[in-house]
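> need the 3D shape of this:
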Amino acid sequence: MNPLLNSLITELRRGTLTLAVLSQLRTPQYGYSLVQLLEKSGITIDQSTLYPLLRRLEKQELVTSSWDTSESRPRRYYVLSSYGLDIFEQLKLEWEKTSQELSTLLKGERNDESD
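Residues are numbered from 1 along each chain as shown. Now for the predicted structure:
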């Protein structure tokens, strides 16, 4: 793949991955379960991308995490905080608006204004 195109695709995906991850954290998830949920929707995310993203979201107080040690293998679960849920809902609205606007542009449609 063209290196420039690859770079631009990575840049394009960066913000969408954040929104995708937030969308799946309305219920508690651990890293691997989150990867599986995203993959079911066709979104691939490497662990080397996911875990730093989860740590950043936690630092921004959008998600909280807790350890579950009830099974043989301890797992760290992440879930949206109430603040994170508010931010997610706002981001979702913004994404839908931007997506619709961009879709119109990409279809070559124009406003009824004359040049």
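
> quick one: residue 70 and residue 77, what's the gap?
Using C-beta to C-beta, to the nearest Å, residue 70 is found at 11 Å from residue 77. The C-beta positions use only the backbone N, C-alpha and C, and glycine is treated the same way.

> those two: who's more crowded?
For residue 70 versus residue 77, neighbours defined as other C-beta atoms under 10 Å are more numerous around residue 77 (18 against 7).

> for the one helix or strand the more buried one maps to, packing partners?
Using DSSP states H and E, the element containing residue 77 is strand 75-80. Strand 75-80 is packed against strand 29-30, helix 31-40, helix 47-59, strand 63-68, with contacts defined by 3 or more C-beta pairs under 8 Å, 6 or more residues apart in numbering; DSSP states H and E.

> hmm, try it at 6 Å
strand 29-30, strand 63-68 (3 or more C-beta pairs under 6 Å, 6 or more residues apart in numbering; DSSP states H and E).
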